[in-house]
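Undergrad: Provide a 3D model corresponding to the input given below.
(2 chains)
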Amino acid sequence: MKAGGAFDTLLSLLETRVPRTTSHRGTLIVDPPGAVQPFVEKEPRPFSLHRHLRRCYLQQIRLMRDCHEERIW
Amino acid sequence: MDTDAAYPVPKRVLVIDDDVDAARMLAMYLDLEGHSVQTAGNARDGIHKLADFDADVILLDLRMPEMTGFEAARQIRGLNLPRRPLIVATTGCNGAHDRSACEDAGIDVHLAKPLELDVLSRLLASSLGPQ
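TA: Numbering: from 1, shown residues only, chains lettered A, B, ... in the order given. I've put the predicted structure just below:
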């Protein structure tokens, strides 16, 4: 049996609105100061789906969640 | 893992797609359906994973850099796997030529993106499970 909460987890992921063009910038960290080869620590990349895919999957998952809830009630 | 009554036999599914978020989304959905899922961000990694992951079904993107899904399918069919996985092309390439190329490469099923998730679920439910 699917848990309703699982749909919500997936939906919340899909509802994350991040444009595909958003650049992923790292933070330059120099340690110790003056080090010859600084390393770049990247921030976690945000979840990002093509707008058309996201809209289409959102619609389908919402429908599934609604059907699931109707069966419960 | 819990399974829905409509899916009596959970499948082992490998998702190969260079769009890692699309693969992740599909993996989450299939996991929610009770299947065991692994993902790979390119064809080479996907083929490599088959050494340890005995997939029942492979969802394969066709347009990937370095190695296309067609080439990946050919290589997978050439592997000495314990059993023949169902290879499903998931792609925006929907022309007659693409479908014919899928057959030639050993791809069993062609699904257009964005996927109709209930069609995918029914396909997995009807495919053979672990043997």
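
Undergrad: So which bits of chain B are right by chain A?
TA: Where chain B comes near chain A, counting by Cβ under 8 Å from any Cβ of the partner chain, the residues are B:2, B:4-5, B:19, B:21-22, B:24-25, B:28-29, B:32-33, B:113-114, B:116-118. (C-beta placed from N, C-alpha, C; glycine too.)

Undergrad: Okay, and which of these map to helices?
TA: Among these, DSSP state H puts B:21-22, B:24-25, B:28-29, B:32, B:117-118 in helices.

Undergrad: For the residues you listed, work out which two are farthest apart.
TA: The two members of those with the most space between them (Cβ to Cβ) are B:21 and B:118, at 21.3 Å.

Undergrad: Between the two, point out the one with more neighbours.
TA: The residue with more neighbours, out of residue B:21 and residue B:118, is residue B:21; 21 against 11, by other Cβ atoms under 10 Å in any protein chain shown.

Undergrad: Just the buried ones from the residues of chain B next to chain A, in PyMOL syntax?
TA: The command below creates a PyMOL selection of those among those that count as buried (16 or more other Cβ atoms under 10 Å in any protein chain shown):
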select buried, chain B and resi 19+21+22+24+25+28+29+32+33+113+114+117
